[in-house]
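Participant: 3D model of this:
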Amino acid sequence: MLADLLEKETEIMNSKCENVDDEIKKEDDMLLIKNDKEQINSMIKSVNEIIRWIETGVNPYFQQGYDEKYKYGINYFESMDILPDIMKEIREEREELVLTEENKQVLKQVFRALSEREADCMVLHIGQRHSLTKTGEMLGIEKSTVNTHVMRAKKKIDKIVQSM
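Facilitator: Here you go, the predicted structure:
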(Lines give C-alpha, C1' and ligand atoms only; values in the text may rest on other atoms or scores of the structure.)
Protein backbone atom coordinates (compact mmCIF):
# COMPACT_ATOMS: atom_id res chain seq x y z
CA MET A 1 0.00 0.00 0.00
CA LEU A 2 2.84 2.41 0.81
CA ALA A 3 4.52 1.46 -2.43
CA ASP A 4 1.29 2.23 -4.31
CA LEU A 5 1.04 5.62 -2.63
CA LEU A 6 4.66 6.42 -3.48
CA GLU A 7 4.11 5.32 -7.05
CA LYS A 8 0.99 7.52 -7.43
CA GLU A 9 2.79 10.45 -5.79
CA THR A 10 5.71 10.01 -8.22
CA GLU A 11 3.32 9.96 -11.17
CA ILE A 12 1.61 13.16 -9.93
CA MET A 13 4.99 14.89 -9.46
CA ASN A 14 6.18 13.78 -12.93
CA SER A 15 2.99 15.13 -14.54
CA LYS A 16 3.37 18.45 -12.66
CA CYS A 17 7.01 18.68 -13.82
CA GLU A 18 5.92 18.06 -17.40
CA ASN A 19 3.32 20.84 -17.08
CA VAL A 20 5.96 23.20 -15.68
CA ASP A 21 8.36 22.23 -18.48
CA ASP A 22 5.63 22.92 -21.05
CA GLU A 23 4.96 26.36 -19.51
CA ILE A 24 8.67 27.21 -19.47
CA LYS A 25 8.93 26.11 -23.08
CA LYS A 26 5.93 28.31 -24.00
CA GLU A 27 7.45 31.31 -22.17
CA ASP A 28 10.75 30.76 -23.99
CA ASP A 29 8.92 30.56 -27.32
CA MET A 30 6.97 33.75 -26.52
CA LEU A 31 10.20 35.55 -25.59
CA LEU A 32 11.83 34.44 -28.86
CA ILE A 33 8.79 35.61 -30.82
CA LYS A 34 8.86 38.97 -29.01
CA ASN A 35 12.59 39.39 -29.78
CA ASP A 36 11.98 38.46 -33.42
CA LYS A 37 9.16 41.04 -33.68
CA GLU A 38 11.39 43.75 -32.18
CA GLN A 39 14.18 42.95 -34.62
CA ILE A 40 11.84 42.89 -37.62
CA ASN A 41 10.24 46.21 -36.59
CA SER A 42 13.70 47.74 -36.19
CA MET A 43 14.66 46.55 -39.68
CA ILE A 44 11.44 47.97 -41.16
CA LYS A 45 12.09 51.31 -39.47
CA SER A 46 15.65 51.40 -40.85
CA VAL A 47 14.46 50.61 -44.37
CA ASN A 48 11.79 53.34 -44.14
CA GLU A 49 14.41 55.88 -43.00
CA ILE A 50 16.72 54.89 -45.84
CA ILE A 51 13.88 55.28 -48.36
CA ARG A 52 13.10 58.74 -46.93
CA TRP A 53 16.83 59.57 -47.16
CA ILE A 54 16.90 58.56 -50.83
CA GLU A 55 13.71 60.49 -51.64
CA THR A 56 14.60 63.72 -49.81
CA GLY A 57 18.39 63.67 -49.75
CA VAL A 58 18.32 64.42 -46.00
CA ASN A 59 20.04 61.88 -43.79
CA PRO A 60 17.53 60.95 -41.02
CA TYR A 61 20.31 59.59 -38.81
CA PHE A 62 21.65 63.11 -38.18
CA GLN A 63 19.64 65.85 -36.56
CA GLN A 64 20.54 68.48 -39.18
CA GLY A 65 20.46 66.06 -42.10
CA TYR A 66 24.25 65.82 -42.36
CA ASP A 67 27.16 64.75 -40.20
CA GLU A 68 28.78 67.79 -38.56
CA LYS A 69 32.27 66.28 -38.62
CA TYR A 70 32.21 66.10 -42.44
CA LYS A 71 30.77 69.59 -42.95
CA TYR A 72 34.09 71.13 -43.94
CA GLY A 73 35.55 67.95 -45.38
CA ILE A 74 37.67 68.24 -48.47
CA ASN A 75 36.98 65.89 -51.34
CA TYR A 76 40.01 64.58 -53.14
CA PHE A 77 39.80 63.22 -56.65
CA GLU A 78 41.59 60.00 -57.44
CA SER A 79 42.30 61.24 -60.93
CA MET A 80 43.04 64.93 -61.41
CA ASP A 81 42.45 64.50 -65.17
CA ILE A 82 38.81 65.47 -64.74
CA LEU A 83 39.80 69.00 -63.66
CA PRO A 84 40.83 71.52 -66.31
CA ASP A 85 44.44 72.70 -66.40
CA ILE A 86 44.25 76.21 -64.98
CA MET A 87 47.99 76.78 -65.24
CA LYS A 88 47.49 77.62 -68.93
CA GLU A 89 44.90 80.22 -67.94
CA ILE A 90 47.20 81.72 -65.31
CA ARG A 91 50.14 82.00 -67.67
CA GLU A 92 48.19 83.68 -70.47
CA GLU A 93 48.49 87.42 -70.55
CA ARG A 94 45.22 89.18 -70.08
CA GLU A 95 44.06 92.16 -72.02
CA GLU A 96 44.16 95.40 -70.14
CA LEU A 97 40.68 96.62 -69.33
CA VAL A 98 39.97 99.95 -70.94
CA LEU A 99 36.89 102.05 -70.34
CA THR A 100 35.48 103.48 -73.51
CA GLU A 101 33.76 106.85 -73.52
CA GLU A 102 30.42 105.10 -73.78
CA ASN A 103 31.19 102.95 -70.71
CA LYS A 104 32.29 106.04 -68.79
CA GLN A 105 29.00 107.78 -69.60
CA VAL A 106 27.02 104.75 -68.41
CA LEU A 107 29.02 104.66 -65.16
CA LYS A 108 28.41 108.36 -64.59
CA GLN A 109 24.70 107.85 -65.16
CA VAL A 110 24.64 104.90 -62.75
CA PHE A 111 26.46 106.76 -59.98
CA ARG A 112 24.22 109.82 -60.44
CA ALA A 113 21.18 107.59 -59.88
CA LEU A 114 22.59 106.11 -56.66
CA SER A 115 22.62 107.82 -53.31
CA GLU A 116 26.02 108.38 -51.72
CA ARG A 117 25.44 105.52 -49.24
CA GLU A 118 24.28 103.13 -51.99
CA ALA A 119 27.34 103.96 -54.08
CA ASP A 120 29.65 103.41 -51.09
CA CYS A 121 28.05 100.07 -50.33
CA MET A 122 28.23 98.95 -53.98
CA VAL A 123 31.89 99.94 -54.35
CA LEU A 124 32.97 98.26 -51.12
CA HIS A 125 30.80 95.14 -51.30
CA ILE A 126 30.59 94.44 -55.03
CA GLY A 127 33.63 96.27 -56.39
CA GLN A 128 36.19 95.53 -53.68
CA ARG A 129 34.53 92.25 -52.65
CA HIS A 130 34.29 92.99 -48.94
CA SER A 131 31.70 91.00 -47.00
CA LEU A 132 28.49 92.68 -45.91
CA THR A 133 29.75 92.65 -42.32
CA LYS A 134 33.12 94.18 -43.23
CA THR A 135 31.44 96.81 -45.41
CA GLY A 136 29.11 97.68 -42.53
CA GLU A 137 32.05 98.00 -40.14
CA MET A 138 33.89 100.27 -42.57
CA LEU A 139 30.84 102.53 -43.02
CA GLY A 140 29.65 102.34 -39.40
CA ILE A 141 26.28 100.75 -40.27
CA GLU A 142 24.62 97.38 -39.74
CA LYS A 143 25.11 94.44 -42.09
CA SER A 144 21.37 94.38 -42.91
CA THR A 145 21.50 98.09 -43.83
CA VAL A 146 24.40 97.43 -46.20
CA ASN A 147 22.37 94.64 -47.80
CA THR A 148 19.37 96.95 -48.20
CA HIS A 149 21.50 99.65 -49.88
CA VAL A 150 23.11 97.09 -52.22
CA MET A 151 19.72 95.64 -53.20
CA ARG A 152 18.28 99.12 -53.90
CA ALA A 153 21.34 100.03 -55.93
CA LYS A 154 21.04 96.85 -58.00
CA LYS A 155 17.39 97.63 -58.77
CA LYS A 156 18.30 101.15 -59.88
CA ILE A 157 21.14 99.83 -62.05
CA ASP A 158 18.81 97.25 -63.64
CA LYS A 159 16.34 100.03 -64.53
CA ILE A 160 19.13 102.10 -66.11
CA VAL A 161 20.44 99.15 -68.11
CA GLN A 162 16.94 98.19 -69.32
CA SER A 163 16.24 101.74 -70.48
CA MET A 164 19.33 101.75 -72.68
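
Participant: this protein - how does it break down into domains?
Facilitator: According to automatic domain parsing, the chain comprises the domains 1-62, 101-163.

Participant: so which of these is the most surrounded?
Facilitator: The highest mean neighbour count among the domains of the chain, using mean count of other CB atoms under 10 Å, belongs to domain 101-163: a mean of 15. In this view, the C-beta of every residue, glycine as well, is placed from N, C-alpha and C.

Participant: picking up where we left off before, and the domains of the chain, which one averages the lowest pLDDT?
Facilitator: Note on the domains of the chain: lowest mean pLDDT is at domain 1-62, with a mean of 73.

Participant: mind listing the helices for this protein?
Facilitator: Ranges of helices in the chain, per DSSP state H, are 2-56, 86-91, 101-113, 116-121, 132-139, 143-163.

Participant: okay, the domains of the chain in a markdown table with distance to residue 95 next?
Facilitator: What follows is the domains of the chain, written out as a markdown table (distance: least, CB to CB, whole Å):
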| stretch | distance to residue 95 |
| --- | --- |
| domain 1-62 | 43 |
| domain 101-163 | 15 |
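
Participant: ok, now which ones touch the closest residue to residue 149 other than its chain neighbours?
Facilitator: Closest residue in space to residue 149, ignoring its immediate chain neighbours: residue 121 at 4.0 Å, by CB to CB, 6 or more residues apart in numbering. Residue 121 makes contacts with 135, 139, 146, 149-150, 153, as judged by CB atoms under 8 Å, 6 or more residues apart in numbering.

Participant: now do residue 31 against residue 38, distance only.
Facilitator: Distance of residue 31 to residue 38, computed by CB to CB, to the nearest Å: 11 Å.

Participant: do residue 58 as well
Facilitator: 27 Å.
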